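Kindly return the folded structure for what I paste below:
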Amino acid sequence: MNNRNHSNSESSSPISWKQGSFLALGLVGVLAIWWPGCREYPPVSHPDGIRLIQQLYSACNSRDATRLARAEATLTQAIAKGHVTVTERKSFEAILQQAKAGQWDAAAAASLKFAQDQVGAGSSATRPAEHSHAHHHAKS
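Okay, here's the model as predicted:
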């Protein structure tokens with residue numbers, strides 16, 4: 001009997017191990033997608049983007065239409081200068097539209113999440129080795 005029990009446990013182990021492996025891989029995949037800290041917003045490609053996030057949050061948090069208009073003007077200028085990517089522009093515009101629609105709390109929360117996602121980016125998009133700021137110093 002011992003041999004039979006021993007054989008059964010050996011033959012069932014590889015199946016359990018495989019099932020466990022698939023379950024673990026599936027769980028890792030689900031966590032990667034649904035984890036609360038996952039990025040929703042793109043990393044900004046220029047320091048103007050960080051300033052714009054701050055302006056948006058301040059305007060939305062204070063429910064100030066004048067500040068919101070300034071943030072929108074800043075976005076227009078950043079786009080004209082090429083300091084904002086298409087993906088960034090869409091994110092900024094979506095937040096602006098929320099605020100204009102009177103969804104101040106949602107827009108403030110979105111602005112805050114946009115800022116938090118920049119911390120998660122580790123500012124890799126603007127590392128000095130990859131992005132020169134020499135043109136900023138020439139204007140000073």
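
Do I have it right that Leu56 meets Gln97?
No: using CB atoms under 8 Å, Leu56 is not in contact with Gln97; the gap is 11.6 Å. All C-beta atoms are positioned from the backbone trio N, CA, C, and that covers glycine.

For these two, indicate the residue with more neighbours.
A count of neighbours by other CB atoms under 10 Å puts Leu56 above the other of Leu56 and Gln97, at 30 against 11.

tell me which element the more buried one falls in.
Applying DSSP states H and E as the criterion places Leu56 in helix 47-62.

Show me what the following helix or strand past that helix is packed against.
Moving toward the C-terminus from helix 47-62, the next helix or strand (DSSP H and E) is helix 65-81. Judged by 3 or more CB pairs under 8 Å, 6 or more residues apart in numbering; DSSP states H and E, helix 65-81 is in contact with helix 47-62, helix 86-100.

and Cys38, helix, strand or coil?
Per DSSP: H, G, I helix; E, B strand; the rest coil, the local secondary structure of Cys38 is coil.

Mark out where each domain of this structure begins and ends.
1-38, 47-124 (automatic domain parsing).

ok, back up a step: identify each buried residue in the helix holding Leu56, please.
Neighbour counts over helix 47-62 (16 or more other CB atoms under 10 Å) mark 48-49, 52-53, 55-61 as buried.

Which other helices and strands does that helix contact?
Using 3+ CB pairs under 8 Å, 6+ apart, helix 47-62 sits against helix 65-81, helix 86-100, helix 104-121.

and of the ones you listed, who's closest to Cys38?
helix 104-121 (8.7 Å; CB to CB).

the inter-axis angle of that closest one versus helix 65-81?
Calculated by axes from the mean of the first three to the mean of the last three CA atoms, to 10 degrees, helix 104-121 forms an angle of 40 degrees with helix 65-81.
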